[in-house]
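**Q** build me a structure from this.
(chains A and B)
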Amino acid sequence: EADIYQTPRYLVIGTGKKITLECSQTMGHDKMYWYQQDPGMELHLIHYSYGVNSTEKGDLSSESTVSRIRTEHFPLTLESARPSHTSQYLCASSYTGGVREQYFGPGTRLTVT
Amino acid sequence: AQTVTQSQPEMSVQEAETVTLSCTYDTSENNYYLFWYKQPPSRQMILVIRQEAYKQQNATENRFSVNFQKAAKSFSLKISDSQLGDTAMYFCALMDSNYQLIWGAGTKLIIKP
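**A** Got it, this is the predicted structure:
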């Protein structure tokens, strides 16, 4: 399995709370991604980073923010959680060149009540 | 705009049978990569097989093979001797020159004992 980790795996939280979803990889990959996925549905890119201090928004509008201060770490923050944020969040990484495969973490399943 | 279409929302076959999942795509780029990913129930997304567009030979990985028709923009996945562990969502994805994946809606594959 790929060396990419996400914590927590499951989170139930009340509306209005601030949350941070953690993602770390030990493969030295320069590129990292956050996807949002509802159960059994396609993936939507919400943020990506092509290196330290580089972050961009993806195709799906999101109220979350990300940071990339270290190569291996790419946390996602929701300042004020809402029920509409209930979903699964997948983190992935890849490196420039090579076979371009994206490696995925196990995901965080978020429920906002 | 680049698109990936999976026209089969759900399929089911008996164990040991062969099954083919369909995927068509559209892109104006000449150099790109195509992937099939597998997402078992409540488990991590993993790569099944990849195909570089510049390679004419179809990729194979053990029981998994693709039929890549570049002119028709078709990229189907064949699973031979299907096993219960093949039960999963299967996603077809196209990687563009910006290293971003464009995802299909997925096909839910059920292998029956």
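**Q** every contact and neighbour count from this point should use C-alpha atoms.
**A** Fine.
**Q** which helix or strand contains B:Ile102?
**A** strand B:101-103 (DSSP states H and E).
**Q** now tell me what touches that strand from outside.
**A** The contact list for strand B:101-103 (CA atoms under 8 Å, 6 or more residues apart in numbering or on different chains) reads A:42-43, B:2-4, B:91-96.
**Q** what mean pLDDT does that strand get?
**A** Mean per-residue pLDDT for strand B:101-103: 93.
**Q** the following helix or strand past that strand: which residues count as buried?
**A** Downstream of strand B:101-103, the first helix or strand assigned by DSSP H and E is strand B:107-112. Neighbour counts using 16 or more other CA atoms under 10 Å in any protein chain shown place B:107-111 of strand B:107-112 among the buried residues.
**Q** run the chain-centre distance for strand B:107-112.
**A** Strand B:107-112 has its C-alpha centroid displaced from the chain centroid by 13 Å (CA atoms, centre = their mean, to the nearest Å).
**Q** ok, which stretches of the chain are strands?
**A** Assuming you mean chain A. Assigned by DSSP state E, chain A shows strands spanning A:4-7, A:10-13, A:19-25, A:31-37, A:44-51, A:54-57, A:65-66, A:76-78, A:87-94, A:103-104, A:108-112.
**Q** I was thinking of chain B, sorry if that wasn't clear
**A** B:3-5, B:10-14, B:19-21, B:24-26, B:33-39, B:46-52, B:60-61, B:64-69, B:74-79, B:88-95, B:101-103, B:107-112.
**Q** deepest of those strands, which one?
**A** Each of the strands of chain B was scored by mean neighbour count; the highest is strand B:88-95, a mean of 26, by mean count of other CA atoms under 10 Å in any protein chain shown.
**Q** mind listing what it pairs with, with the direction of each?
**A** strand B:33-39 (antiparallel), strand B:101-103 (antiparallel), strand B:107-112 (antiparallel) (DSSP bridges).
**Q** B:Val66 is nearest to which of these?
**A** Relative to B:Val66, the nearest member of these by CA to CA is strand B:33-39, separated by 9.1 Å.
**Q** which residues sit against the closest one?
**A** So strand B:33-39 is contacted by B:45-53, B:75, B:77, B:88-96 (CA under 8 Å, 6+ apart).
**Q** then stretch A:66-77?
**A** By CA under 8 Å, 6+ apart, stretch A:66-77 touches A:18-30, A:32, A:34, A:47, A:49, A:51-55, A:64-65.
**Q** ok, stretch B:61-69 next?
**A** Against stretch B:61-69 from outside (CA under 8 Å, 6+ apart): B:48-49, B:51, B:56, B:58-60, B:74-81.
**Q** change it to 6 Å
**A** B:58-59, B:74-80 (CA atoms under 6 Å, 6 or more residues apart in numbering or on different chains).
**Q** which of these sits closest to chain A?
**A** Proximity of the contacts of stretch B:61-69 to chain A (CA to the nearest CA) peaks at B:Ala59, which lies at 13.0 Å.
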